[in-house]
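Student: model the structure of this input:
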Amino acid sequence: MSTAIARVVATDAALEMMDKLRQRHGPLMFFQSGGCCDGSAPMCYALGEFDVSDTDIYLGNLNGTPFYMGLEQFEYWEHTQLIIDVVDGNGGMFSLDNGTGKRFLTRSRLFTDEECALLHAQPHEHRKT
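Tutor: Have a look, this model is predicted:
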């Protein structure tokens with residue numbers, strides 16, 4: 001049995017939306033926005049359209065889609081599991097969900113003390129190639 005704790009998960013609605021976008025745009029990737037133009041929305045891009053830096057943290061894989069966050073934001077959210085969902089609305093200006101009538105939304109929950117202990121034993125990964 002694996003002791004790995006998922007730092008990011010997706011709802012069925014999010015996975016369905018990702019499948020639709022994947023059919024239209026090919027392989028995808030996510031970057032958790034830290035503010036600026038589109039607030040704190042999870043931004044969905046065609047794989048390779050967003051340059052991930054050496055300091056960005058790889059949080060995990062959502063059904064074949066890598067998910068990243070900047071190091072400074074990760075330090076703030078490291079005790080939180082991100083739950084990617086879909087709601088009605090307009091996606092971020094540069095995100096592939098823009099114009100679909102739906103948008104990705106990040107929900108969250110705090111890890112338990114036990115999960116935090118396991119996570120501290122797991123090294124986090126920077127950029128995944």
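Student: in this structure residue 96 contacts residue 50, no?
Tutor: No. Look at residue 96 against residue 50 with C-beta atoms under 8 Å: they stay out of range, at 10.7 Å. In this view, the C-beta of every residue, glycine as well, is placed from N, C-alpha and C.
Student: higher neighbour count, these two?
Tutor: For the pair residue 96 and residue 50, the greater number of neighbours falls to residue 96 (23 against 16), based on other C-beta atoms under 10 Å.
Student: how close does the residue nearest to that one when sequence neighbours are not counted sit to residue 120?
Tutor: Nearest residue to residue 96 in three dimensions, chain neighbours excluded: residue 44, at 4.6 Å (C-beta to C-beta, 6 or more residues apart in numbering). Going from residue 44 to residue 120 by C-beta to C-beta, to the nearest Å gives 30 Å.
Student: and those two? Which one has more around it.
Tutor: Counted by other C-beta under 10 Å, residue 44 and residue 120 do not tie: residue 44 has more neighbours, with 29 against 10.
Student: tell me where this structure has strands.
Tutor: 8-10, 28-32, 42-46, 57-62, 65-69, 80-88, 102-110, 125-126 (DSSP state E).
Student: nearest to residue 16, of those?
Tutor: Residue 16 lies closest to strand 80-88 among those, at 7.7 Å (C-beta to C-beta).
Student: okay, and the helix or strand of the chain with the least pLDDT?
Tutor: Every helix and strand of the chain was ranked by mean pLDDT, DSSP states H and E. The lowest is strand 125-126, at a mean of 66.
Student: longest helix in this protein, by residue count?
Tutor: Counting residues, the longest helix in the chain under DSSP state H turns out to be helix 12-25.
Student: now do the buried residues in it.
Tutor: Buried positions in helix 12-25, judged by neighbour count with 16 or more other C-beta atoms under 10 Å: 14-15, 17-18, 21-22.
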